[in-house]
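[1] Compute the structure for the input listed below.
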Amino acid sequence: MEPPPPDPRTDGIPPLTELGRSQSAAAAELIAADLDDLGLAAERLVSSDLTRAVETAEIIGVRLQLTVETDSRLREQHLGELEGRSYVETWAAAEEFDWSDPTLPIAGGESLMDVYDRMAAVLEEIDPAGVAILVSHGDAIRAAVAYLNGVKPHESDWVEVANGAVARIDGTIT
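    Below is the predicted model:
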């Protein structure tokens, strides 16, 4: 599967706020403590190429002494014409969307299955014998969890993904 085309969202996006930097530092500490407890070291740090994800990964990378690799397939779902609109406009447009079809692109962007397929491709390339840290976004993470649970994203239970959330995937995801 080819990565998505260059995305204009990577330009002009505001950087992490102080809260975002604090959440990233807390995530880095949590990951480091978990790795220490397990007696493991991370070998790779791969991030979405969108601004705040890269900044988050850089904070984690400093703490774990890893260099950040970027992968555009870890981006958030592209919402086509809804990109850059206010929440009010986006939710109004969402009310008109047919959410029953996971293959239907949203406003000329990506479908839920598009996100699922690209996240599956990333996960298939990760060496299961090693330790990799991935930095991504809410909808993309939900698609990845569905894939790891062996279900399609529209069949998966909702997974709340808070800013700065950390999850360890060790073959027992539920």
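
[2] Tell me which residue is most central in the chain.
    Residue closest to the mean C-alpha point of the chain, counted by C-alpha atoms, centre = their mean, is Ser136 at 2.1 Å.

[3] Need the per-residue pLDDT for the closest residue to it other than its chain neighbours.
    When the adjacent residues along the chain are set aside, Ser136 lies closest to Leu74, with 4.3 Å between them (C-beta to C-beta, 6 or more residues apart in numbering). (Glycine included, C-beta is placed from N, CA and C.) Listed pLDDT for Leu74 reads 97.

[4] rewinding a little: so what's the residue nearest to the centre of the chain scoring on pLDDT?
    Note on Ser136: pLDDT of 96.

[5] Report the contact partners of it.
    Ser47, Ser48, Ala53, Leu74, Arg75, Glu76, Met119, Ala144 (C-beta atoms under 8 Å, 6 or more residues apart in numbering).

[6] Ala42: how many residues sit nearby?
    Neighbour count for Ala42, taken as other C-beta atoms under 10 Å: 18.

[7] hmm, I was thinking of Leu45
    21.

[8] returning to what we had before: could you verify my assumption that the residue nearest to Ser136 touches Leu134?
    Yes. Applying C-beta atoms under 8 Å as the test, Leu74 and Leu134 come out as touching, 6.3 Å apart.

[9] The biggest helix by length in the chain - contacts with which helices or strands?
    Longest helix in the chain, counting residues (DSSP state H): helix 18-38. Counting contacts by 3 or more C-beta pairs under 8 Å, 6 or more residues apart in numbering; DSSP states H and E, helix 18-38 is packed against helix 51-64.

[10] Tell me what angle the helix it packs on forms with helix 18-38.
    Between helix 51-64 and helix 18-38, the angle comes out at 40 degrees (axes from the mean of the first three to the mean of the last three C-alpha atoms, to 10 degrees).
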